[in-house]
Each structure stands twice: as structure tokens, then as C-alpha cells.
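Participant: Give me a 3D structure for the following:
(chains A and B)
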Amino acid sequence: MDFNDTQEEAKFRKEASEWLKTNFDKFDSERSATDKSSKSSAEPSKTPMDESKSLELAKKWQTIKYDAGWACLHWPKDYGGRDATPIERVIWSQEESKFPIPGGFFEIGQGMAGPVMMMYATEEQKKEHLPPMAKGEKIWCQLFSEPGAGSDLAGIKTKAELDGDTWTINGQKVWTSGAHYSDWGILVTRSDFDAPKHKGLTYFFLDMKSPGIEIRPIKQINGGANFNEVYFTDVKIPDSQRLGDVGDGWRVALTTLMNERLAVGDASGVDFKEIFELAKENDFYGEPAVKNSAVREKLADWYCEYSGLKNTKMRRISALSKGDTPGPEASITKIVSANKLQDIANFGMDILDQAGINSDGNMKYHGSLLGAPLIRIAGGTDEILRNIIAEQVLGMPQDVRLDKNVPFNEIPTGDKSN
Amino acid sequence: MNFEFSDEQMAMKEEVKKLLDKENSLKRNRTILEGEEKFDKELWDSLVAMGLTAVTIPEEYGGIGMGYLELCVIAEELGRAIAPVPYSSSVYLATTAILNCADEELKKAYLPKLASGEIIGTFAHAESSGFPLEKSINCNYTSGKISGLKAAVPDADVADFAIVSAKNDSGVGLYLIDLNTDKTKISSLDTFDPSRSHANLDISEAAAKELVSDGWLEIEKILDQSAVLFSFEQIGGAEAAMNMAKDYAQGRYAFGRSIASFQAIKHKVADMYISLQLARSNCYFGAWALSNEAAELPTAAATARVSATKAFYECSKENIQTHGGMGATWEFDCHLFYRRSRLLASNIGSQGVWKEKLISSIEKSNLQI
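Facilitator: Numbers count the residues shown, from 1 in each chain, chains lettered A, B, ... in the order given. A predicted model of the protein is given here:
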């Protein structure tokens, strides 16, 4: 057991870190010369103006990386990558995370749409679409969930009809991150309402500027609006933009979701360090809260979770370093970190007591407490992730299903799913 | 970056597992639990024959001179098999205390016999309910002799000697006393987990060999070191209990289907898995800190200990729940794990103690967190 890089890893780390130091500093000084007020994406954009500025900066930085061969490291060189190994990808992201890089716009494209395109698109399409995706020139979104189909994604109803070589799409998607600034999207639709649920789906990619697409932002409980509703009215897609066979969209969607789980990581926000500091700084019954045994016991529990996740990540990196592929056991990260975030934020408000209600100065805690509910739902709810652990990691059987081998239009729906 | 055990260590783990399976350790646990014997001598002899009592002892003292990482993988397997043997007392605690603190003469006298399994040692620290603090130790050392009481000492009625904490003029020290004399009255106890024996010691003027006189920090260190090993034992037991729950649920049918297909059961087992994974990862970091004598040891040991205690408690109690009524019968093995989980949580200080140790060590260490 040791935490040192192998010789090749150390060489790669040095190369990455030196490139970052030189080029990020240059990028950052040019940025601050033109605009003192811009922030990194770690802070949510409050206005559309903030967002478009951050987007512009993120694109600039992504292009610098791309031109030097540091974008989408693990992709083949032909599609704009570097042919890097999984461990090199980890080392790069460790080094890059030491800098306040602007980001948060390319993950869905590069993390989910990219791998699906690589598996299902034609060579010509890959050459056309993957490099601009890697470069950050084109942004992609994922059009999956619907009002009646979230955890049960295969229950989607957005309709696709083929006439000649052209499909016509009608319906509604929801929870589409970044639809409003995306150039392209990946879309799963229902092309056959008489086939069983999982067999009548067809998967496409499409131009988000196509006529008939209407995008409306969703305001979340934390005041942000990163998600959208997307309405489709007679939107046309050429058959050449179909990914996978007609009726085989579920298999393509599963590929995407597997990548999503790998892309979703820690819930960001207040963590052990913040609550430990808060408990030192604030009094509880005449002594610093950190001296109170009830507080200390909670701190110990959170430290164990914090450290358990950190060390789980180290084990995963170690496995990658040996050449293993990560499995669904990564699912525990989001369950544990999102719940920890919620509980720490709530307890922070307890430590602050009455004055903690004031948003001024306490936004860290307010923001985390209002953000945590969505993190526990997005990218697989706590409950779905527990199913995944039970079924895919531990090999327990699937739940009994009432919708298997039943034509889709005969499956019962309640009021809530319409 | 290598945060896994080596292939050799994993092979050793597999060998220990095979031996414990072959010897039917679970059945042996029940035999000790229900019978009059204090521990399973036959199983102990097999472990000794495999060299497992000699692991951390250097070759010059008759050991095989491996390290604590090897001990970690052995501990995990002994925990999985809830083995009814005095391994933790003799190897994690007594052997470590001698290795850390004893002079050359004591090492030469005791380590070869510990390695060969000729003698068994234990560690006698607690004196009454509650975890001992430096100021609360009443056992007394004067002019080469110890007197006082030690409470519920693990394996004291099978051990040949005990490492005892006792106060003296300069603080609290560690001393070695022979248990095969009439100076120490040993009273075996009825306990929560009779698969491991415990006894009270009433020591009156027993001849004592000094390991260290001002030894509170040494005591804390031995507890930290052994906490990592106890944690590995705990995750071994936790994983066994989780697998028992899963396997039973798969085969048990109710309402026309395997109960393992109900989300109430799946989520329960998934939660056991989550708790176990967090504990396992913390144990690995503990193993690293232990084997490298890292400054992080106090924090790493407490983190491993707190999460492993939690995981074994959760897995062993929810294993009974998953089995339904049969899980609460004497006949089923679920209670063997439930008992062992509680025993291990009580040995070397309970959950509240280690949570307090954890936060204190974070406060002291200024570690990067």
C-alpha cells in the first residue's frame, strides 16, 4: 500500500501540472484584465447575464485545452481526444481541480452524449460532431425525463413518427439541464405505442435550433434555473440522425445512463470542514459548540462518512491504476454525499440558531439545504440507486413488474403520471 | 498509487479463509458458546501451525517478521468466521505491547513463545464500568509488585500472562504479570458472547515486570494500533452477516415471490453494503497508517473503528430482521454475529469513546481535512 504514483504516472502528472500552471495563469490574467467580476462556475449564476459570461469563459478555456491536446483525454485522437488511459484521466482531473477553472457546461455532452455517439453514430457523424464537442464549441443536452417518466424512464410518451426519411417529433421533455444554451441534444422517443414498454423506443440526436422546439426554464427551490421544460411540436429529424435501430432505443439509453452514473460525483456544498469550523466559531450554551458532546458525536459520524467516501475514491483510483474498469459500486457516492450535505446544512442552521434564518452571511447553509433535495433526486434518486446496488452489485432479483410484455398503451397510468 | 493489499497478502487471506472454512469455524463458535470450554484449542493450534501468531514478530525472536498489513487481512478472516480463539488479546494487544515497549530481556523471554503459540497473552486495562482515563486507574505498582482489580479482561482465564496498566509515582505504566500464580485470583464471567471468554482479575502483590513507567501515551498507541485490527475483524463479520441476509432473502418466498425482490429488503441490504463499503475504505486507510507508523494513525484508527463498529452493528441486527422470527431463534446462526458484533464494540472502548477520540485527534492534529 502506498499513495505514490508509478514512474509513468508521475511523469504524466508533472507534464499536466506544468501545462496547467503556465496556461491557466496566462488565461486567468487575460481574463481578470478584461473582467474583474467574473466568477468560477462553483458559484451558481444568479442572472442570465452571469451565465452567458461564464459560458463564454468556459468555452475559451476549453478551446485552449483542446488546441494543446488536453480535452476529453480518454477519447481517441481522431475525435479530438488524447488516447489517454483511465488513470491518466484521473490524474488530469486531480491536477485541473487545483485551479479555479470555469466549467459546468460540457459534462453532459462529453460525459454522456459523446460515448453514445462513439458507439452508435456513423464514422462521418463522429468526425463531424465529436471534435467540436471536445473543443467546447458545441454544447449538448440530454432530453430524457418527461413529466410522467422520471425514475421509470422507459415510460416516456414523446412520439416519433416516420414518413419517408424524416421523423416527426411531438411531446414534452423535462429536467433538461442547459437546454437553453445547447446546440445539440440526444433524445429518446416512443416510436411504437403498441409494443411493450421497453421495445417501442427510438433514440436520436438533433439540432436544438430546429423549428418547433420551445424551451422554458424551471425555477428550482434554491432560486436557480439550470433545468428546462422542452416542448416538441412537429419537430423534424432526418432518419440519418437515429442512433441504434428503430425500437432499440432503450438499449442506447442504458449506455447513456451507465455513463451518467460515472459522471455524477460528490454533492458539492457544505461538508465536514465547514461544519467543524462553524462549531468552533459559534457558542452553544455558554461554550463553543464543538465542546458539546452531542455536537462532537455528530461531527464524528460525518467525518467517518467524509473520510469513507474519500478513501473509497482512492480505492477506485487504485483499481483504475491497475487497469480495472469501475463498476456500479460507485453508486454509493451520491447517496452518501447528498444525504450528508442535507444533514450538515440542517445542523449548521441549528448551530446558528435564530440568527441563522438571515440569508445574509449564511447563504452557504441556506444554499446547501435548498440544493440537497434536488441532488438526492437528480441522476438517479436515492431509491433507484439502492435498487442498482441491490441488483447490480449484490445480485438480488428485480422487483416484480406489472408493465413487462404488456403493450405500452395498455399499461395502467394514474393521475400523477399524465 | 496502490491502495490495495498486495497479491501475496490477498493469497495469505485466502489461505486463512480456507483453513477457517475447512475447520468449520462457525460450528466451533457455537460449540464454545454452548459448552464449558473457554476457547477452541484445536482451532487455535491450527492457526498457530499456520504461523499466524508469529506474523508481526521479527525473525530474531522466532517470528516470521511480516508486517501489520498481513495482520489486517488475517483479522478480517477471523472476523468473518467469528473464530472462538484468543487471537486479538494475544496478538493485536499483548504481542504489540511487548514489541513496542519491552526491553531486550523481556522480548527474548516472551516473543519466541508467543510466536510458537506456547503461551497466550492478554491486555488488562479497564477496571470498572466506563472507559479508563489516566486519572481513574487504581491498580497500583510499588516495589516490583502490582495490586488491584481489572474488570472483564478478555481471555484472562486462558492466558498465561497479562500486560496490565497500573499507576506508579510518575504516572500510569505498563507491566507484565504471570497469571499462573496464586497472586492473581481469576474469576470467569458469564458474558454477552460466551464464544470468547472473559474474567475479572483480583491482583494482590503479584510480581510485575515493567515495560514502561510513564506509559499513558504508549497505552493510547497500543489501543490505536489494535483498533485498526479490531476494525478489520468487524468488517469481516459485517460482510458475513450481510451475505447471510442476502442469501436467506433470495431463498425465502412470501406472497408468491422471493423476498429479495421486495424493495424493503433490497434497500435494507443496500444500506448494509453502503455502511460496509465506507467502513472498509476507512479500514484500508487505517491499515496504511498502521503499517507506515504514520502521524495520521490516531485519526485513521478512530475513523476505521467508529465506522466498522457501526457497520457490524447494522449488518448483524438487520440480518436477524431479514430472517424474520427464525433469525431470533437459538438454532439459527444470526445471533452468533449479533453477539460478536457487540463484544467487539465493547472491547478496547465503546463507540462513544472512539468518537470522542476521533474528534480530539482532529482538533489536535491540524491534519488537512
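
Participant: Number of residues surrounding the one residue in chain A that gets nearest to chain B?
Facilitator: Chain A approaches chain B most closely through A:Gly308 (3.0 Å), counting by CB to the nearest CB. No exception for glycine: its C-beta is placed from N, CA and C like everyone else's. When neighbours are defined as other CB atoms under 10 Å in any protein chain shown, A:Gly308 has 26 of them.

Participant: Could you do A:Val336 as well?
Facilitator: 22.

Participant: For it, give me the pLDDT.
Facilitator: At A:Val336, the model reports a pLDDT of 95.

Participant: and the residue of the stretch 101-250 of chain B found nearest chain A, what does it touch?
Facilitator: The nearest approach of the stretch 101-250 of chain B to chain A comes at B:Lys246, 5.8 Å away (CB to the nearest CB). For B:Lys246, the contact set (CB atoms under 8 Å, 6 or more residues apart in numbering or on different chains) comprises A:394-396, B:260, B:269.

Participant: pLDDT (mean, whole number) over the helix or strand where the residue of chain A closest to chain B lies?
Facilitator: Per DSSP states H and E, A:Gly308 falls inside helix A:293-321. Here helix A:293-321 scores 92 as its mean pLDDT.

Participant: Any buried residues in that helix, and which?
Facilitator: Burial within helix A:293-321, assessed by neighbour count using 16 or more other CB atoms under 10 Å in any protein chain shown, is assigned to A:295-309, A:311-321.

Participant: Quick one: residues contacting A:Trp92.
Facilitator: A:16, A:70, A:73, A:84.

Participant: Narrow those to those in strands?
Facilitator: Among these, no member is found in strands (DSSP state E).

Participant: buried subset of those?
Facilitator: Looks like those have A:16, A:70, A:73, A:84 buried, using 16+ other CB under 10 Å.

Participant: can you tell me the helix or strand for the closest residue to the second one other than its chain neighbours?
Facilitator: Spatial nearest neighbour of A:Trp70, chain neighbours left out: A:Trp19 (6.6 Å); criterion: CB to CB, 6 or more residues apart in numbering or on different chains. Under the criterion DSSP H and E, the helix or strand holding A:Trp19 is helix A:7-34.

Participant: Might you enumerate the residues of the stretch 1-150 of chain B proximal to chain A?
Facilitator: B:1-5, B:69 (CB under 8 Å from any CB of the partner chain).

Participant: and of those, the nearest to B:Asn140?
Facilitator: B:Asn140 lies nearest to B:Leu69 out of the residues of the stretch 1-150 of chain B next to chain A, by CB to CB, at 38.4 Å.

Participant: in whichever strand or helix holds B:Leu290, what counts as buried?
Facilitator: In this structure, B:Leu290 sits in helix B:263-291 according to DSSP H and E. Residues B:265-291 are the ones in helix B:263-291 that count as buried (16+ other CB under 10 Å).

Participant: Centre of the chain to that helix, how far?
Facilitator: Its chain's average C-alpha position is 18 Å from that of helix B:263-291, according to CA atoms, centre = their mean, to the nearest Å.

Participant: so whichever helix or strand comes after that helix versus helix B:263-291, what angle?
Facilitator: Once helix B:263-291 ends, the next helix or strand along the chain (criterion: DSSP H and E) is helix B:297-323. Relative orientation of helix B:297-323 and helix B:263-291, computed by axes from the mean of the first three to the mean of the last three CA atoms, to 10 degrees: 160 degrees.

Participant: how about helix B:297-323, does it reach chain A?
Facilitator: Yes. Contact of helix B:297-323 with chain A (CB under 8 Å from any CB) involves B:302-303, B:306-307, B:310.

Participant: Can you list the helices and strands that that helix packs against?
Facilitator: Under the contact criterion of 3 or more CB pairs under 8 Å, 6 or more residues apart in numbering or on different chains; DSSP states H and E, helix B:297-323 touches helix A:293-321, helix B:216-251, helix B:263-291, helix B:334-346, helix B:351-365.

Participant: And that helix, what's buried?
Facilitator: Quick answer for helix B:297-323 (16+ other CB under 10 Å): B:297-320, B:322-323.

Participant: quick one, domains of chain B?
Facilitator: Domain assignment of chain B by automatic domain parsing yields the ranges B:7-115, B:121-214, B:218-365.

Participant: Quick one: mean pLDDT for the shortest one?
Facilitator: When the per-residue pLDDT values of domain B:121-214 are averaged, the result is 96.

Participant: same check, this time on the longest one
Facilitator: Per-residue confidence for domain B:218-365 averages out to 97 on the pLDDT scale.

Participant: Give me the distance between the two termini of it.
Facilitator: 18 Å (CA to CA, to the nearest Å).

Participant: same thing with stretch B:171-188?
Facilitator: Span of stretch B:171-188 from end to end, CA to CA: 30 Å.

Participant: sorry, back to before: please name the nearest non-neighbouring residue to the residue of chain A closest to chain B.
Facilitator: In space, A:Gly308 is closest to B:Leu278, 3.0 Å off (CB to CB, 6+ apart).

Participant: Just the buried residues of the host helix or strand of A:Ala345, please?
Facilitator: If you go by DSSP H and E, A:Ala345 is part of helix A:332-352. Under the neighbour-count criterion of 16+ other CB under 10 Å, helix A:332-352 has A:332-345, A:347-349, A:351-352 buried.

Participant: Need the residues that contact the helix or strand that that helix is followed by.
Facilitator: Counting by DSSP H and E, the next helix or strand C-terminal to helix A:332-352 is helix A:363-375. Helix A:363-375 is contacted from outside by A:44, A:220-223, A:267, A:269-270, A:274, A:334, A:338-339, A:341-342, A:344-346, A:348-349, A:352, A:356, A:359, using CB under 8 Å, 6+ apart.

Participant: List the contacts of B:Cys23.
Facilitator: Just to correct that, residue B:23 is Glu rather than Cys. Residues near B:Glu23 by CB under 8 Å, 6+ apart: B:42-43, B:46.

Participant: Now do the nearest residue to A:Ile388 once chain neighbours are set aside against B:Asp271, distance only.
Facilitator: Distances taken as CB to CB, 6+ apart put A:Ser331 closest to A:Ile388, at 5.2 Å, once the chain neighbours are dropped. The gap separating A:Ser331 from B:Asp271 is 12 Å, by CB to CB, to the nearest Å.

Participant: Contact partners for B:Ser46?
Facilitator: Taking CB under 8 Å, 6+ apart, one finds B:19, B:23 in contact with B:Ser46.

Participant: Point out where chain A drops to low pLDDT.
Facilitator: A:34-49, A:259-266, A:325-326, A:329, A:415-418 (pLDDT under 70).

Participant: Which elements pack onto the longest strand seen in it?
Facilitator: Looking across chain A with DSSP E, the single longest strand is strand A:227-238. Applying 3+ CB pairs under 8 Å, 6+ apart, one finds that strand A:227-238 contacts strand A:166-174, strand A:201-207, strand A:213-218.
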